[in-house]
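S.K.: got a predicted structure plus its sequence, pasted below:
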Amino acid sequence: MSKERLYLYDTTLRDGQQTQGVQFATSEKAQIAAVLDEMGVDYIEGGWPGANPTDSEFFETKPKLAATFTAFGMTKRVGMSAENDDVLAAVINAKTPAVCLVGKTHDFHVTTALGITLPENIENIAKSVAYLVAQGREALFDAEHFFDGYKANPAYALEAVMAAYAAGARWVVLCDTNGGALPREVYEITKAVIAAGIPGDYLGIHTHNDTEHAVANSLAAVDAGARQVQGTLNGLGERCGNANLTTLVPTLLLKEPYASQFEIGVNRDALAGLTRASRMLDDILNRVPMRQAAYVGASAFAHKAGLHASAILKNPTTYEHVEPSVVGNERIIPMSNQAGQSNLRKRLADAGLAVEKGDAALGEILNRIKEREAAGYSYDTAQASFELLARDALGLGQRFFDVERYRVISERRRNARGATVVESEAVVTVQLPNGAKTTSFFKNDHAEDMSDEGPVNALWQALKADLGPYQGIVSDVRLVDFKVRITNGGTEAVTRVIIDFEDDAGRRWATVGVSANIVDASFEALLDALNWKLAQESAGLSVF
């Protein structure tokens, strides 16, 4: 039996940009569009031409896409013809092959928000869509507040979408604009629209996540017969966000009945890049990726409980609904005081350390983890620090260098021009296995962010400035994220620092440090980062 075609419409660059705190630069829009296009979505909505300079500039660049490049706008206004409405003209002048126009379908919004009559709104919809079709554009109509409108006045909501369809709209998109609809409602109302005369392969669904049902509502519409699904990468969008394509795409491609029933533009090869695409967007937004995100989150395939890890070792399907690599993710066996020997042996094996079941060293490692977590450490995410601890317990620890001393000074002052400046400087003295000592100094100024240009950065730069024979190995190590947690309050507060690193080979690792002093906790994590990198390349290196 041949599969039906289901179309994916991405609105990250338009609806996603309405997320609080999000504003894409033109170059960032181009980068995101390229990744979406490579993935295989069918439509990429670039924004609203004329609404702001960035959107207008992006449409002027005319990105080369295999996907259908789409401009967004609104239906014409009362008292103007479609040909003479300047807002509609800006959208038409973007010269995209497809145009999506939003229009009201809820009678309350027509009379209250627009302040026009119900027949005037129907005329605006019909004439705007007909004008797009006459211009040779593929016309899409976003039926704003459709589900609320249908529940309030089904006859008028249907009249509005039928007007768009009759005028030549290729897609009539049913929008749950306020995000309050539930899956059963979406299913039944979508069915009613099809029964009223709009074929399912002309219907799309656009949902918001205000009740955490955006993905479920999208699937309900597909179940009812809609054949276009709109969403955003990582679920970006106004308020609680839009339907999340990083959840919808793998669900449609991997889960039944969708996998057998539908063909989508994303294939299995492209799906393997999904996690990378998700994290690229977070990098652009300077956000820490959501660990619990379905399919692409760092914790999506993490197995902390010992019972789970034991079963995973025997057969991963015991606690995983899909293979992590299919979506470009990876399985993680984190270490904590809840870990059992199954977790531990799996994590050690991942690090290239084979330890037999029942080995006394396993109990020693678990005891050390429990003792250190009681002191404030956490190895759930600091896998590199865990590995160093385990190597030491197994008698495989290596000392590449010793830090004899370090000093950090930060000063906030006014310069000769009266401007406030912050300066941080650090000195680190290191002893190498051959007896040589190196002392390195680093100073930065105009810095307020401790994780980037402040005292921790000064200490980091001084630490890795001159490690003698190891310098070529550690020079490409970069600090990419810095997290601080106070583990208990009061005068005896303990600070936990977790730092993420990466190198030119694309490896990423995290380390942990704990101290009552935030700088010293950071320094411990920095030391672990360099020692872990050297341990990976230890063949032929001098050690104490």
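M.R.: In hand now; what should we look at?

S.K.: chain neighbours aside, what residue packs nearest to residue 35?
M.R.: Taking CB to CB, 6 or more residues apart in numbering as the measure, residue 35 lies nearest to residue 277, with 4.9 Å between them; neighbours along the chain are not counted. The C-beta positions use only the backbone N, C-alpha and C, and glycine is treated the same way.

S.K.: other SSEs contacting the helix or strand where that neighbour lies?
M.R.: Using DSSP states H and E, residue 277 falls within helix 274-285. Other helices and strands packing on helix 274-285, by 3 or more CB pairs under 8 Å, 6 or more residues apart in numbering; DSSP states H and E, are helix 26-39, helix 245-254.

S.K.: residues making contact with the last one?
M.R.: The set of residues that contact helix 245-254 without belonging to it, under CB atoms under 8 Å, 6 or more residues apart in numbering, is 6, 8, 10, 12, 39, 41, 215, 218-219, 222, 229, 231-235, 258-259, 262, 264, 266, 268, 271, 274, 277-278, 293-296, 322, 326-327.

S.K.: where do the strands sit along the stretch 201-350 of the chain?
M.R.: Under the criterion DSSP state E, counting those that start in this stretch, the stretch 201-350 of the chain contains strands at 203-207, 228-231, 262-263.

S.K.: show me what the longest helix along the chain is packed against.
M.R.: In the chain, taking DSSP state H as the definition, the longest helix is helix 518-536. Taking 3+ CB pairs under 8 Å, 6+ apart as contact, the helices and strands that helix 518-536 lies on are helix 383-393, strand 402-414, helix 455-463, helix 471-474, strand 478-488, strand 494-502, strand 508-515.

S.K.: return the helix or strand in this structure with minimum mean pLDDT.
M.R.: helix 306-314 (a mean of 59; mean pLDDT, DSSP states H and E).

S.K.: so the residue most central in space within the chain versus residue 316, what's the distance?
M.R.: What sits nearest the mean C-alpha location of the chain, by CA atoms, centre = their mean, is residue 278, with 4.0 Å. In this view, residue 278 and residue 316 are 22 Å apart by CB to CB, to the nearest Å.

S.K.: who's in contact with residue 527?
M.R.: Residues near residue 527 by CB under 8 Å, 6+ apart: 403, 463, 513.

S.K.: which secondary structure element contains residue 128?
M.R.: helix 118-134.

S.K.: what's whichever helix or strand comes after that helix packed up against?
M.R.: Counting by DSSP H and E, the element after helix 118-134 in chain order, helix or strand, is strand 138-144. Applying 3+ CB pairs under 8 Å, 6+ apart, one finds that strand 138-144 makes contact with strand 98-104, helix 118-134, helix 154-166, strand 171-176.

S.K.: among the ones you listed, which comes closest to residue 301?
M.R.: strand 171-176 (30.6 Å; CB to CB).

S.K.: so what touches the closest one?
M.R.: In contact with strand 171-176 (CB under 8 Å, 6+ apart) are residues 9, 100, 102, 139-148, 161, 164-165, 186, 189-190, 193, 198, 202-208, 214, 217, 221, 226, 228, 230.

S.K.: now with 6 Å, please.
M.R.: 140-144, 146-147, 161, 164-165, 198, 202-208, 228 (CB atoms under 6 Å, 6 or more residues apart in numbering).
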